[in-house]
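J.: Return atomic coordinates for the entry below.
(chains A and B)
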Amino acid sequence: MPGRWLQAMLRRLLVLLLLLGACAAATLRPGTALAHAALVTTTPADGAVLARPPAAFTLRFSEPVSPLVLRLIGPDGETRALERFALRDRELTIEVPTDLAAGSHVLSWRVVSEDGHPVGGSVLFSIGAPGARPPEASAQRNLPITLALWLGRVGLYLGLALSIGGVAFSAWVGPLPASARRPLRVLIVLGLAAVPFALAAQGLDALAAPASDVLRPEIWRAGIGSSFGHTAAIATLALLAGLVSLSLAGSAGRALALAALLGAGLALAASGHASAASPQWLMRPAVFLHGIAMAAWAGALLPLAQALRGGDGAATLARFSRRISFFLIILFASGAALAIVQVEQPGALLTSTYGLVLTAKLALVAVLLGLATFNRYRLTAPAREGAEPAKRRLRGVIGVEVAIVLAILATAALWRFTPPPRTLTIASATAVPASVHIHSEKAMAEISVRPGRPGPANVSVALLDGNFGPLTAKEVRLSLANRAAGIEAVERPALRQPDGNWLVEGLTIPVAGRWSVEIEILVSDFEMIRLGDTIEIKP
Amino acid sequence: MSKSAFLAAVLAALATSPALAHVTLETQQAPVGSTYKAVLRVPHGCKGAPTIKVRVRVPEGMIAVKPMPKAGWALDTVKGKYGKTYDYYGTPTAEGVTEVIWSGGKLLDEHYDEFVLRGYLTTDLKPETTLHVPVVQECEGGSVERWIEIPAEGKSADDYKFPAPGLKLTPKK
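T.: Residues are numbered from 1 along each chain as shown, chains lettered A, B, ... in the order given. So this is what the prediction gives:
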């Protein structure tokens, strides 16, 4: 009968409502403090340094719990969920992944106790030695792509220096010898081919993609989207201008050759460490001038050697040796400016990779300069007088010079992989502490995490009362959490230092980002002040 | 599910013991201008260690405090001046017990006990506010749990890890 069915339904509904109401009452009853589980002991203990990975993680609580989230954050900042665990009474045993790396790990746990109240925390432990961050991502570059990046650069530099510089020979020394045009065309085509090659390598490197992804559009977008994209575009235009100028006679060809040379300077100034440095008003023009002078000098060598074969070699040689000093002054002045800004301290020439590359390059330049001087003062005069042996030797030496230019360009291309000491200084500037100042009515705290980036860190706390007077605390406890990264609070007592500040040593900040920091200041046995804020840890 | 099972669930929900973890007061509401019997419930030790000492800070505005002796525990009080002179049934009162200490006992983590004191809630206390009674629980091995956090404006005891037991004050009867 429908009436009875309805009655039964209503009764059930009533019971359900009662149940819901009771649950609500149980949770909302004023002043109720329900059973929160507290962590009693852990293995490994918080802050432990172990010789080898533990056999298991165990967390013992004051009351039975069930786990909600268990995560392990490795020394590389990678987070993984721990899903294999066993629960026995109040003890939670978690299986340890087999491939734990050396360094500091954070075991972040969040459990729910019987009353349904979630509690969380983190256990910090290290295998081997604390901290030990794995190598930076850049050091994990894969070899074929590194090689491709380097070859792409070398090819581009060769195109810009030897071919465009060679084309520009007509603009500042004299007519290009006919026999030089063919090799210059070949070099320009090589340069043009190097552009997409370099772009692809740039894109693969930017996205940390394997070489097999080279045909994917996003690789190319990434390559073109970087500052190197500008370099590639300008270099392509300059190379094309150079190619056209080879087929143009007279002043039009010379003008186009000059434009190509300026383009080569612009292309080099459009990207790279040096162009990105400040002061920009100095660095970009310096790279531009350095590029032009380098191309003019290096590019002139090949046509010069060819000219020496021909009849009017003497006149050409005379013009070259008169005018080259102008480019050399520009080359060395701009080079010196770039080196001073980038290297900062002479010591870095030998202590940093960037400095070592520069030192190697300078050594090659010195050899080149020695040969050039030998040419200028020993061979030029007899060659101009038409002495065949002198001309031959001069051509031979020029051949060696071209080889050295190649080595210089190949060395300069290595800079793609070495941050200049200038940026290393900036990087170590992030070693300055991350600080936060918390101000409340009762107390102020200046909290500094040193260094302010991931890895091992110390935290110092300076306390003042609300009126900038000294605040003497009995105890200070610090807790750091990054719940966005899945890391529950790591809690540590701070130790009072002789200068009155409080210090927590031996912490590890596994990842960058916004961390919430909280301190409990025990002012007297019965009075505690809790202060909290967030602190930015830079990558 | 049968009706009786439903009812059992309802009863179970209602019967959830209100205080299991924090040190709390049994009676959490009292009018000002009256004598209040504070029963402090200590549900467990400090992270498993047995409790050996319980210290209670008498809040300002609660006067004429008399703790109840407890078998197996030594009872001490600290006397001091109040922040002001209170009227205790016509007698101006400016000093008295400010701290009560039970010590020398041993309350195991798996046991439960209560500590009792009695005091007068002066009319200087504001009704409709919460009076907090900070308690420090000291345990074997030197560990201490301090139930002393007083919620800031707009926060409740639930927002804190170590909330002080609280007592809601109501207008004088």
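
J.: Quick check: which ranges of chain B have low pLDDT?
T.: Scanning chain B for pLDDT under 70 picks out the ranges B:1-21.

J.: which residues of it fall in strands?
T.: B:24-25, B:29-31, B:34-42, B:51-57, B:62-67, B:74-88, B:91-107, B:113-121, B:130-132, B:135-139, B:144-147, B:166-170 (DSSP state E).

J.: Please identify which of the ones you listed is closest to chain A.
T.: Among these, the nearest to chain A by C-beta to the nearest C-beta is strand B:51-57 (4.0 Å). From N, CA and C alone the C-beta is placed, and that goes for glycine too.

J.: Just the CA trace of the closest one, in CSV.
T.: Taking C-alpha atoms only, strand B:51-57 is exported to CSV below (Å, rounded to 0.1, in the frame of the first residue of the first chain):
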residue,chain,number,x,y,z
THR,B,51,52.6,13.0,33.5
ILE,B,52,54.4,13.9,36.7
LYS,B,53,53.4,17.5,37.2
VAL,B,54,50.4,19.7,36.4
ARG,B,55,50.7,23.4,36.8
VAL,B,56,47.8,25.7,36.5
ARG,B,57,48.0,29.5,36.0
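
J.: just checking, A:Leu282 touches A:Val341?
T.: Yes - in this structure, A:Leu282 is within contact of A:Val341 by C-beta atoms under 8 Å, at 7.2 Å.

J.: low-scoring stretches of the stretch 101-250 of chain A, by residue?
T.: A:115-116, A:130-141, A:208.

J.: ok, how many other residues are close to A:Ser126?
T.: By other C-beta atoms under 10 Å in any protein chain shown, 21 other residues sit near A:Ser126.

J.: For the host helix or strand of it, which strands pair with it and how are they oriented?
T.: Assigned by DSSP states H and E, A:Ser126 belongs to strand A:118-127. Applying DSSP bridges, strand A:118-127 is found paired with strand A:48-50 (parallel), strand A:103-113 (antiparallel).

J.: hang on, A:Pro67 is in a strand, isn't it?
T.: Yes - the assignment for A:Pro67, made by DSSP: H, G, I helix; E, B strand; the rest coil, places it in a strand.

J.: Which residue is the nearest non-sequential neighbour of it?
T.: Closest residue to A:Pro67 apart from its sequence neighbours, by C-beta to C-beta, 6 or more residues apart in numbering or on different chains: A:Val111 at 5.0 Å.

J.: In this model B:Arg118 seems to touch B:Lys66, though I could be wrong.
T.: Yes - applying C-beta under 8 Å as the test, B:Lys66 and B:Arg118 come out as touching, 5.0 Å apart.

J.: gap between stretch A:330-339 and the chain center?
T.: Chain-centre distance of stretch A:330-339: 26 Å, with C-alpha atoms, centre = their mean, to the nearest Å.

J.: Buried residues, that stretch. List them.
T.: A:Ile330, A:Leu331, A:Ser334, A:Gly335, A:Ala337, A:Leu338, A:Ala339 (16 or more other C-beta atoms under 10 Å in any protein chain shown).

J.: Looking at those, which are in helices?
T.: A:Ile330, A:Leu331, A:Ser334, A:Gly335, A:Ala337, A:Leu338, A:Ala339 (DSSP state H).

J.: Skipping adjacent residues, who's closest to the third one in space?
T.: If you skip the residues right next to it in sequence, A:Ser334 has A:His290 as its closest partner in space, 4.0 Å away by C-beta to C-beta, 6+ apart.

J.: quick one: buried residues of the helix or strand containing that neighbour?
T.: Taking DSSP H and E as the definition, A:His290 sits inside helix A:280-309. Within helix A:280-309, the residues that qualify as buried are A:283-284, A:286-308, counting by 16+ other C-beta under 10 Å.

J.: That one packs against which elements?
T.: Judged by 3 or more C-beta pairs under 8 Å, 6 or more residues apart in numbering or on different chains; DSSP states H and E, helix A:280-309 is in contact with helix A:165-172, helix A:178-206, helix A:250-269, helix A:273-276, helix A:313-343, helix A:388-412.

J.: coming back round to it: from the buried residues of stretch A:330-339, which single one is nearest A:Asn375?
T.: Using C-beta to C-beta, A:Leu331 comes nearest to A:Asn375 of these, at 16.6 Å.

J.: residues touching the closest one, list them.
T.: Counting by C-beta atoms under 8 Å, 6 or more residues apart in numbering or on different chains, A:Leu331 touches A:His290, A:Ala293, A:Met294, A:Trp297.

J.: wait, the third one sits on A:Ala161?
T.: By that I understand A:Met294. Yes - contact criterion C-beta under 8 Å: A:Met294 and A:Ala161 qualify, at 5.9 Å.

J.: re earlier: same question for the helix holding A:His290, mean pLDDT?
T.: On average, the pLDDT along helix A:280-309 is 88.

J.: for stretch A:405-425, same thing?
T.: Rounded mean pLDDT across stretch A:405-425 is 78.

J.: Likewise for stretch A:70-87?
T.: Stretch A:70-87 comes out at a mean pLDDT of 84.

J.: ditto for stretch A:477-486
T.: The model assigns stretch A:477-486 a mean pLDDT of 88.

J.: Repeat that for stretch A:266-274.
T.: Stretch A:266-274 shows a mean pLDDT of 83.

J.: How about stretch A:46-55?
T.: 84.

J.: and it, which residues are buried?
T.: A:Asp46, A:Gly47, A:Leu50, A:Pro53, A:Pro54.

J.: cool, and stretch B:128-145?
T.: B:Thr130, B:Leu131, B:His132, B:Val133, B:Pro134, B:Val135, B:Val136, B:Gln137, B:Glu138, B:Cys139, B:Glu140, B:Glu145.
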